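S.K.: this one's structure only:
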């Protein structure tokens, strides 16, 4: 399965929104790193947005999974008896958006911690 297929299977709307949150996290990460390490500007503006966008990406991923599972369980209820393989495939697909969100969150945490610690030490 390619990245594009995973993106589509994870749900275009939620995966796009998680990607936008990831871009926001990267924007504030780059901005904060430049301000703190290059410009030596220690006012700390925008640092907390790094972790905010990262956590929102994770939360939106979990929300996408919950909405997807709700729809899947409704379809299972209507269909009646289904195969365990089909269930496993559905659960695998339901994990794509939360994994993408948690990846963005995991990237945001060390960046946020490093920039925040540098700000604390310079004040």
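M.R.: Structure's in. What do you need? Bear in mind that the values here come from a model prediction, so they are computed numbers and not experimental data. Numbering: from 1, shown residues only.
S.K.: following the strand or helix carrying residue 26, which helix or strand shows up next?
M.R.: If you go by DSSP states H and E, residue 26 is part of helix 12-33. Sequence order places helix 47-79 as the next helix or strand after helix 12-33, per DSSP H and E.
S.K.: now find how far off-centre that following helix is within its chain.
M.R.: How far helix 47-79 lies from its chain's middle: 10 Å, per C-alpha atoms, centre = their mean, to the nearest Å.
S.K.: shouldn't residue 96 be in contact with residue 6?
M.R.: Yes: taking contacts as C-beta atoms under 8 Å, residue 96 lies within contact range of residue 6: 5.6 Å. (Each C-beta comes from the backbone N, C-alpha and C, glycine too.)
S.K.: so for these two, which sits in the more crowded spot?
M.R.: Neighbour comparison, residue 96 and residue 6: the larger count goes to residue 96, with 23 against 15 (by other C-beta atoms under 10 Å).
S.K.: the more buried one: what's it in contact with?
M.R.: Residues in contact with residue 96 (C-beta atoms under 8 Å, 6 or more residues apart in numbering) are 6, 9-11, 15.
S.K.: ranking these by neighbours, who comes first?
M.R.: Each of the contacts of residue 96 was scored for neighbours by other C-beta under 10 Å, and residue 10 scores highest at 25 neighbours.
S.K.: return the residues in contact with that one.
M.R.: With the criterion set at C-beta under 8 Å, 6+ apart, residue 10 makes contact with 64, 93, 96-97, 100.
S.K.: which pair in the residues you listed spans the largest distance?
M.R.: 93 and 100 (12.3 Å; C-beta to C-beta).
S.K.: which of the two has more neighbours?
M.R.: For residue 93 versus residue 100, the count of surrounding residues by other C-beta under 10 Å is larger for residue 100: 23 against 16.
S.K.: go ahead and confirm that one touches residue 61.
M.R.: Yes: between residue 100 and residue 61 there is a contact under C-beta under 8 Å: 5.9 Å.
S.K.: who touches both of those two?
M.R.: Contacts common to residue 100 and residue 61, judged by C-beta under 8 Å, 6+ apart, are residue 18.
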